[in-house]
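> generate a structure from the sequence data that follows.
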Amino acid sequence: MRGARGALAATALVLAATACTAPALTTEAYHHDALLTTGDLLSAVRTGILVAELAEDDRAFQPYLETSTKDVEESARSLTDTFGALQPPAPACDPLRDELTDLANASVHDLSALRIALKREDAAGLAEAAEGLHATASELTELQEELR
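Predicted structure coming up:
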């Protein structure tokens, strides 16, 4: 019995250390994971929009803006990787996977563009990144409504 517990503990430790993601066992579970991911991505994108507004209005210090953007970009990247690792339980889930993966990638791209524009102090790039973030937020909001 002790050996079985040790093997189970070792397996759990390995899975946790390698950040393995369990497959969604049902369509409902997959949709729930997609809903949570959509909400978390939307939060990151909206934070990016707020940062862009603060930068455009010169209402925050540059290091704060850059750090905030880097943090939400990393969060969006992590969400993208985590959801992308989920195995859709049925072919009917593939369109949802494709749509959310595209939006997740757009989120990361837009947040990266914001970070780069902030670092370069590029007003035109900042406005372009903000525009992309608004468009992505709108699409994420629509998907979130569909999944509810």
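> I would like the residues contacting stretch 86-102, please.
Contact with stretch 86-102 is made by 21, 23-27, 29-31, 33-34, 37-38, 80, 83-84, 143, as judged by C-beta atoms under 8 Å, 6 or more residues apart in numbering. (C-beta placed from N, C-alpha, C; glycine too.)
> let's see 10 Å
Here stretch 86-102 makes contact (C-beta atoms under 10 Å, 6 or more residues apart in numbering) with 21-31, 33-35, 37-38, 41, 79-80, 83-84, 136, 139-140, 142-143, 146-147.
> for ChimeraX, write the select line for the buried members of those residues.
ChimeraX command restricting those to the buried ones, with burial defined by 16 or more other C-beta atoms under 10 Å:
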select :24,30,31,33,34,35,37,38,41,79,80,83,136,139,140,143,147
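> out of the contacts of stretch 86-102, which sit inside helices?
Among these, the members found in helices (DSSP state H) are 27-31, 33-35, 37-38, 41, 79-80, 83-84, 136, 139-140, 142-143, 146-147.
> which SSE is K70 in?
Using DSSP states H and E, K70 falls within helix 62-84.
> dump that helix to CSV, keeping only the CA atoms.
The C-alpha trace of helix 62-84 is given here as CSV (Å, rounded to 0.1, in the frame of the first residue of the first chain):
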residue,chain,number,x,y,z
GLN,A,62,6.1,54.7,-18.1
PRO,A,63,7.5,51.9,-15.9
TYR,A,64,4.0,51.2,-14.5
LEU,A,65,2.5,51.1,-18.0
GLU,A,66,5.3,48.8,-19.3
THR,A,67,5.1,46.4,-16.3
SER,A,68,1.3,46.2,-16.4
THR,A,69,1.4,45.4,-20.1
LYS,A,70,4.1,42.8,-19.8
ASP,A,71,2.1,41.1,-17.0
VAL,A,72,-1.2,40.9,-18.9
GLU,A,73,0.6,39.8,-22.1
GLU,A,74,2.2,37.0,-20.1
SER,A,75,-1.2,36.1,-18.6
ALA,A,76,-2.8,36.0,-22.1
ARG,A,77,0.1,33.9,-23.4
SER,A,78,-0.3,31.4,-20.5
LEU,A,79,-4.1,31.2,-21.1
THR,A,80,-3.5,30.6,-24.8
ASP,A,81,-1.1,27.8,-24.1
THR,A,82,-3.3,26.2,-21.5
PHE,A,83,-6.5,26.2,-23.6
GLY,A,84,-4.6,25.1,-26.7
